[in-house]
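Engineer: requesting a structural model of the entry that follows:
(one chain, ligands or ions: 1)
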Amino acid sequence: MATLGIPQNTIAILQKYDFVFQKRFGQNFLIDTHVLEKIIREAGITKDDMVLEIGPGIGTMTQYLCENAGKVIAVEIDKNLIPILTQDTLSEYDNVRIINEDILKLDINQLVEEENGGKPIKVVANLPYYITTPIIMGLFESHVPIESITIMVQKEVAQRMQAAPGTKDYGALTLAVQYYAVPKIVANVPPNCFMPRPNVASAVIRLIRHDQCPVNVRDEKMMFAIIRAAFNQRRKTLQNSIHNAPELYFTKEQIVEVLEQMGLAQTIRGEVLSLEQFAEFTNRLIEKSK
Ligand code: SAM
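Structural biologist: Numbers count the residues shown, from 1 in each chain. Just a heads-up that it's a prediction; the model follows:
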């Protein structure tokens, strides 16, 4: 099979099927063999792995995945791509299942149970950027058994996932991702590696899921409500953001006391707190409001 990572081969397939790119589906196909090889290497794919690919497009990365993994499940929303995948670009592989579905509507837990007996899978994808956050958070929050996620995302989103406290990129997404996984940017990818070229720079980031949650928090949902409130009003003090948040019910006195107990200044902003500090802050507030 001629690799689609070579631009002429991608162009030939697009012409053969009169394929029209759908902007609303975030379709930017990879046309760089080095980037494709790097993604496969960084994801550490072996024949023991079951891989979930989100958005195979015309099957460029799927071909590499089929060569290296035990089994590949590829979920593609665009029905016009399905005949290209099944009858052409992936027709010679017997270790791939193509599902024509919206990834956000699919029961991935059930799929992993059916296909891999509930054992952890690896997720690899050149993501449609318009739904990066819901896809990642959906995978984590629904507790899909996952070993790692290696994905192409918008560069600034990758930077936010990997950011340190107190930096401009640090925010609710950073904390949510780092609560579940260890992130590492493994490649920067310029727009000319895609067809058509996106307007933004991209990066490949690998998220390795923690074996054990890195913090001890009594109420996960409450902690994320506090984090959201803290970053909703980023320039306000933590005290004011939490007190003003309509979904939270803590009194000013309770917040003041917890900050004191933790040895934090009353004027501190949420953007400098680490995940461990947000967990402790949450636990102490819950204790105080009992
Ligand atoms: N993997 C291919 C590649 O690297 O060349 C295509 C990547 S392209 C950035 C994103 C792909 O995700 C497109 O094929 C698009 O149709 C598909 N897609 C967009 N929204 C989706 C959704 N909600 N569920 C499943 N696939 C989706």
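Engineer: CA only for contacts and neighbour counts going forward, please
Structural biologist: Will do.
Engineer: which residue sits farthest out from the middle of this structure?
Structural biologist: Distance from the C-alpha centroid of the chain, by Cα atoms, centre = their mean, peaks at residue 253 (37.7 Å).
Engineer: surely it forms part of a strand?
Structural biologist: No. Looking at residue 253 with DSSP: H, G, I helix; E, B strand; the rest coil, it is helix, so not inside a strand.
Engineer: how about the residues of the stretch 101-250 of the chain by the ligand?
Structural biologist: With Cα under 6 Å from any ligand atom as the criterion, the stretch 101-250 of the chain meets the ligand at residues 102-104, 126-128.
Engineer: repeat that with 8 Å
Structural biologist: Residues of the stretch 101-250 of the chain lying close to the ligand (Cα under 8 Å from any ligand atom) are 101-105, 125-131, 194.
Engineer: strands - which of the residues you listed land there?
Structural biologist: With DSSP state E as the criterion, strands contain 125-126, 194 from among those.
Engineer: from those, pick the one nearest the ligand.
Structural biologist: Within these, the smallest distance to the ligand is 4.7 Å, found for residue 126 (Cα to the nearest ligand atom).
Engineer: that closest one and residue 221, how far apart?
Structural biologist: Residue 126 sits 29 Å away from residue 221, going by Cα to Cα, to the nearest Å.
Engineer: try residue 147
Structural biologist: Plainly put, residue 147 is 23 Å away from residue 221 if you go by Cα to Cα.
Engineer: compare these two and say which is more crowded by neighbours.
Structural biologist: Comparing residue 147 with residue 221 by other Cα atoms under 10 Å, the one with more neighbours is residue 147, at 17 against 10.
Engineer: which helix or strand contains the more buried one?
Structural biologist: Element membership for residue 147 (DSSP states H and E) is strand 146-154.
Engineer: next: residue 61.
Structural biologist: According to DSSP H and E, residue 61 maps onto helix 60-68.
Engineer: pull out the buried positions in that helix.
Structural biologist: Under the neighbour-count criterion of 16 or more other Cα atoms under 10 Å, helix 60-68 has 60-66, 68 buried.
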